[in-house]
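1. All I have is the shape, not the residue letters:
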């Protein structure tokens, strides 16, 4: 989120010209309405027109086995997919600023993952994790993203790339 200015309404959210209603609605969709994201404890931490970030706090339910304190690979994959989708939602919202926030939020019902690649670089052991995503291309039918999964100290645990259907 380098070089982005801050919004007055949400200090942690870069100003992308998004209205309070859009930010609140997008957070509700991502954090509450998508049940799996709620289960993971995914929380939006930054929202920009082409970049977003979120956070997952380590909880016993997220580990692969009680004997291990590392995050399960499926959780990492699901988190990367989710934050990539969030970045696409923000990009779609920014593209259609002429519409009301409610109209833009309705556009996300058609969003779906069509391709996901994850590279696991090292075990996910940390107190919490930061997930970042950037939209590389937003076409009329398909969006492409790049994602990162980092530990509390900034260590890169996994990277991802995904394509989403947007039409």
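-> Perfect, I can see it now. None of these values were measured; they are calculated from a predicted model.

2. Could you list the low-confidence segments of this structure?
-> Within the chain, the set of residues satisfying pLDDT under 70 comprises 1-16, 59-69.

3. quick one, helices of it?
-> 20-28, 35-40, 73-95, 101-106 (DSSP state H).

4. Work out the gap between the second one and the centre of the chain.
-> Which is helix 35-40. 12 Å (C-alpha atoms, centre = their mean, to the nearest Å).

5. Now do it: which elements does it pack against?
-> For helix 35-40, the contact count by 3 or more C-beta pairs under 8 Å, 6 or more residues apart in numbering; DSSP states H and E identifies helix 73-95 as packing neighbours. Where C-beta positions appear, they are placed from N, C-alpha and C, glycine not excepted.

6. does residue 94 really touch residue 23, like I thought?
-> No: assessed by C-beta atoms under 8 Å, residue 94 is found out of contact with residue 23, at 11.9 Å.

7. if we can go back for a sec, just tell me which of the helices of the chain ends up closest to residue 52.
-> Across these, residue 52 has its closest neighbour in helix 73-95 (4.6 Å, C-beta to C-beta).
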